[in-house]
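*Asks:* next input, structure requested:
(chains A, B, C, D, E and F)
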Protein chains: 4
Amino acid sequence: MPLHFQSDKPIYLQIVDTMIHEIVRGRRFPGDKLPSVREYAVEVGVNPNTMQRVYRELDARQITKTKRGQGTFVTDDEETIQQLREQLKQRYIDSFLTDMTGLGFTIEEIISSIDKEKGGTSDDSNQ
Amino acid sequence: MPLHFQSDKPIYLQIVDTMIHEIVRGRRFPGDKLPSVREYAVEVGVNPNTMQRVYRELDARQITKTKRGQGTFVTDDEETIQQLREQLKQRYIDSFLTDMTGLGFTIEEIISSIDKEKGGTSDDSNQ
Amino acid sequence: MPLHFQSDKPIYLQIVDTMIHEIVRGRRFPGDKLPSVREYAVEVGVNPNTMQRVYRELDARQITKTKRGQGTFVTDDEETIQQLREQLKQRYIDSFLTDMTGLGFTIEEIISSIDKEKGGTSDDSNQ
Amino acid sequence: MPLHFQSDKPIYLQIVDTMIHEIVRGRRFPGDKLPSVREYAVEVGVNPNTMQRVYRELDARQITKTKRGQGTFVTDDEETIQQLREQLKQRYIDSFLTDMTGLGFTIEEIISSIDKEKGGTSDDSNQ
DNA sequence: GTGGTCTAGACCACT
DNA sequence: GTGGTCTAGACCACA
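*Replies:* Alright, predicted model coming up:
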């Protein structure tokens, strides 16, 4: 999930999404301390102001909790994380179904195709 | 399917992909004449040489057929188009399953979720 | 096999052919590193872009394999090279027979003439 | 047999060769009148002086005979034409054998391959 | 008009 | 260093 600057989506929202993914996919755990704004800004290669906005947004969505003087931490409310997971799921499904029905496949065909994939190779040859 | 200049994928390949999508989704028909290289280059906002490369690539993949002095045409070999459709299908499914299993869902959960979507809202909320 | 600029065949295809000959005739070996695009362009006296196209074409035909940042190498798939050799053989034979039958010779006369050449002078008097 | 100006061979000799081919292959008959120097120069797109040299060369080789005030005519000495035919044959064979042995084929293999061509398709797909 | 080729010169990503 | 991409602009062959 690389950042594609110059995409039509604001950079800070792209980073927010990336962070949500990392949390939901279990790469960052509830209660984990996130990197400092400055540190993370350098790592990602954006302006600290942009990263500040990322953390503000995450806090506003109660995905993280910032403690003054200590840093920013992933929420330990599993319920919230579960909701994020459901949101992502729904987004993936919607986008997938839009793509597939655009190709003219019916729900039944789609399900049947997925069914065949059980244990299949996830050969990520996009580029 | 907007062009993301600055993406890591070369512009000419992005345009190739776009063209393939348009053909597979039935927005361009077998035998259709494509815009001229120069015309399309202006429309998309790239250099004619870049667009030339697009047409060359499409020809090499036998997706189009170029007739010197006349223009470039979508192949009328329905078989080829059908293959493209299958390729896209497989790519969408692979990518989708990678995403979903990354979130920890099993094939059964995924199928069950899709099943619930029958007649559901295909609300294109990507942005 | 000199380059005939002004021939009707594009320069880049002439160079591709030359390279194929060099490989098939055993002047370049499987796995060999080719000269760099820029270097070879200077040597042959064409624009680097033209030479780039040559390497691209060779790669597309799987005659060479390009490793980013390292260079372009003759394929080590002997099978591919063997196929090229057969192609060249067929082309030479076809062209030769077209010429000879154009002069009114029958296959039998042609074979008989070649037969007499055994150990004969291969006196390259083309010019 | 197109003319490749800028080849290493002088243009006038290229035209001489072309003329010889036309005679030997039976496209011009013994006794035929050739176009006038000026006429033919225009047709081929060369300077009349160059074409003059062509006719002089053909006359010198006794392939044509120029009659002042009447024009230039293909020799009606069938013997001479027969010799030309033999020369061309030898040249084709030498060149062919050089090519084939360069690819590593033996005379026996070559003959065997030609033998298989009897009634074969002469598919002239060079360019 | 159409596509095809070539040059010149720039910038990028990878090692 | 390596190859890969893109632009700009020119000229050609075909119909």
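*Asks:* could you chop chain A up by domain?
*Replies:* With automatic domain parsing serving as the domain definition, the record reports that chain A contains domains spanning A:11-76, A:79-116.
*Asks:* tell me which of the ones you listed lies nearest to chain C.
*Replies:* For the domains of chain A, the distance to chain C is smallest for domain A:11-76, at 22.1 Å, taking CB to the nearest CB. C-beta coordinates here come from the backbone N, C-alpha and C atoms, glycine included.
*Asks:* right, is that closest one up against DNA strand E?
*Replies:* No - judged by CB under 7 Å from any atom of the strand, domain A:11-76 makes no contact with DNA strand E; its nearest approach is 11.2 Å.
*Asks:* ok, back up a step: now for the domains of chain A, which one comes closest to chain D?
*Replies:* The nearest among the domains of chain A, by CB to the nearest CB, is domain A:79-116 at 36.5 Å.
*Asks:* that closest one near chain B anywhere?
*Replies:* Yes - Domain A:79-116 comes into contact with chain B (CB under 8 Å from any CB of the partner chain), by way of A:85, A:88-89, A:91-105, A:107, A:110-111, A:113-115.
*Asks:* for stretch A:36-46, same thing?
*Replies:* No - with CB under 8 Å from any CB as the measure, stretch A:36-46 is seen stopping short of chain B, the closest distance being 13.4 Å.
*Asks:* which parts of chain A are helices?
*Replies:* In order along the chain, chain A carries the following helices (DSSP state H): A:11-24, A:37-44, A:48-60, A:78-102, A:107-116.
*Asks:* can you redo the ones you listed as JSON lines with distance to B:Asp17, mean pLDDT and mean neighbour count?
*Replies:* Shown next, in JSON lines, are the helices of chain A (distance: least, CB to CB, whole Å; pLDDT from 0 to 100; neighbours: other CB atoms under 10 Å in any protein chain shown):
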{"stretch": "helix A:11-24", "distance to B:Asp17": "21", "mean pLDDT": "89", "mean neighbour count": "19"}
{"stretch": "helix A:37-44", "distance to B:Asp17": "27", "mean pLDDT": "88", "mean neighbour count": "15"}
{"stretch": "helix A:48-60", "distance to B:Asp17": "30", "mean pLDDT": "95", "mean neighbour count": "17"}
{"stretch": "helix A:78-102", "distance to B:Asp17": "13", "mean pLDDT": "92", "mean neighbour count": "16"}
{"stretch": "helix A:107-116", "distance to B:Asp17": "21", "mean pLDDT": "91", "mean neighbour count": "15"}
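*Asks:* in TSV: those, plus distance to D:Val16.
*Replies:* As requested, the helices of chain A are exported to TSV (distance: least, CB to CB, whole Å):
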stretch	distance to D:Val16
helix A:11-24	72
helix A:37-44	73
helix A:48-60	76
helix A:78-102	66
helix A:107-116	69
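*Asks:* for these, which one sits closest to C:Val42?
*Replies:* With CB to CB as the measure, helix A:37-44 is the member of the helices of chain A nearest C:Val42 (41.5 Å).
*Asks:* how much does that closest one deviate in direction from helix A:48-60?
*Replies:* Helix A:37-44 runs at 110 degrees relative to helix A:48-60, counting by axes from the mean of the first three to the mean of the last three CA atoms, to 10 degrees.
*Asks:* for helix A:37-44, packing partners?
*Replies:* Counting by 3 or more CB pairs under 8 Å, 6 or more residues apart in numbering or on different chains; DSSP states H and E, the packing neighbours recorded for helix A:37-44 are helix A:48-60.
*Asks:* swap the cut-off to 10 Å and go again
*Replies:* Helix A:37-44 makes packing contacts with helix A:11-24, helix A:48-60, strand A:71-74 when contacts are defined by 3 or more CB pairs under 10 Å, 6 or more residues apart in numbering or on different chains; DSSP states H and E.
*Asks:* mind checking which of those is nearest chain B?
*Replies:* With respect to chain B, and counting by CB to the nearest CB, the nearest of those is helix A:11-24 at 6.1 Å.
*Asks:* OK, contacts around the residue nearest the centre of chain A?
*Replies:* To find the centre residue of chain A, average its C-alpha atoms and take the closest one (CA atoms, centre = their mean): that gives A:His21, at 2.7 Å. The neighbours of A:His21, taking CB atoms under 10 Å, 6 or more residues apart in numbering or on different chains as the test, are A:1, A:27-28, A:84, A:88, B:99, B:102-103.
*Asks:* could you work out the most separated pair of those?
*Replies:* By the measure CB to CB, the contacts of A:His21 have their two most distant members at A:Arg28 and B:Asp99, which lie 17.6 Å apart.
*Asks:* sorry, back to before: for the domains of chain A, which one sits closest to DNA strand F?
*Replies:* Between DNA strand F and the domains of chain A, the shortest gap by CB to the nearest atom of the strand is with domain A:11-76, which sits at 19.9 Å.
*Asks:* okay, how far is it across the closest one, tip to tip?
*Replies:* The straight-line separation of the ends of domain A:11-76 (CA to CA, to the nearest Å) is 26 Å.
*Asks:* and what of stretch A:28-48?
*Replies:* Start to finish, the residues bounding stretch A:28-48 are 21 Å apart (CA to CA).
*Asks:* contacting residues around that stretch?
*Replies:* Contacts of stretch A:28-48 from elsewhere in the structure, counted by CB under 10 Å, 6+ apart, are A:3, A:5, A:11-12, A:14-15, A:18-23, A:49-56, A:58, A:64-67, A:70-78, A:80-81.
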